[in-house]
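Chemist: could you look at this predicted model? Sequence included:
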Amino acid sequence: MDNLTKSNQDAEASANLQAIMSDVAALKRDLAALVCNVKSDISGEVASARSAVGQFGDEALRVYENLAAQGERSVKAIGRQVEERPVMRLLLAVAVGFLGSRMLSR
């Protein structure tokens, strides 16, 4: 009878071991699938971030070009005004310089 009980316990232990091995194998498959999904999500986010940075760079370049063109137009307009009324501009520059020096001396 002792052999029969020991045989049943061995069979039970073997069945439990098989169940544990099956669970571990399923866990490995699930973990591999999870890692694969995380990698694909991360690569998608990286691509999205790169796209956003590219768009930001393009927008910054466009703004810079607009500001440069506007500055150039302003310089030309000021140059024309100085050419049209040089004495008036000279007096205005002297007055602004005088007022600036008076304000900064305080």
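Modeler: Noted; the coordinates are in hand.
Chemist: how near is the residue nearest to the spatial centre of the chain to residue 37?
Modeler: Central residue of the chain (CA atoms, centre = their mean): residue 49, 5.3 Å from the mean position. Distance, residue 49 to residue 37, using CB to CB, to the nearest Å: 19 Å. Where you see a C-beta, it was placed from the backbone N, CA and C, and this is true even at glycine.
Chemist: same thing with residue 89?
Modeler: Residue 89 is 69 Å from residue 37, by CB to CB.
Chemist: just for the protein, where's the confidence low?
Modeler: By pLDDT under 70, the low-scoring segments of the chain are 1-7, 106.
Chemist: and the next element down the chain from the strand or helix carrying residue 17?
Modeler: Assigned by DSSP states H and E, residue 17 falls within helix 2-84. Using DSSP H and E, the helix or strand that follows helix 2-84 in sequence is helix 86-105.
Chemist: show me what that next one is packed up against.
Modeler: The helices and strands touching helix 86-105, judged by 3 or more CB pairs under 8 Å, 6 or more residues apart in numbering; DSSP states H and E, number zero.
Chemist: quick one, that helix and helix 2-84 angle?
Modeler: Going by axes from the mean of the first three to the mean of the last three CA atoms, to 10 degrees, helix 86-105 is angled at 130 degrees with respect to helix 2-84.
Chemist: how many other residues sit next to residue 82?
Modeler: 13 (other CB atoms under 10 Å).
Chemist: oh, I was asking about residue 89
Modeler: 14.
Chemist: leaving out the residues flanking it, which one is nearest to it?
Modeler: Leaving out its chain neighbours, the residue that sits closest to residue 89 by CB to CB, 6 or more residues apart in numbering is residue 82, at 4.8 Å.
Chemist: can you tell me how far that neighbour sits from residue 75?
Modeler: Distance from residue 82 to residue 75, by CB to CB: 11 Å.
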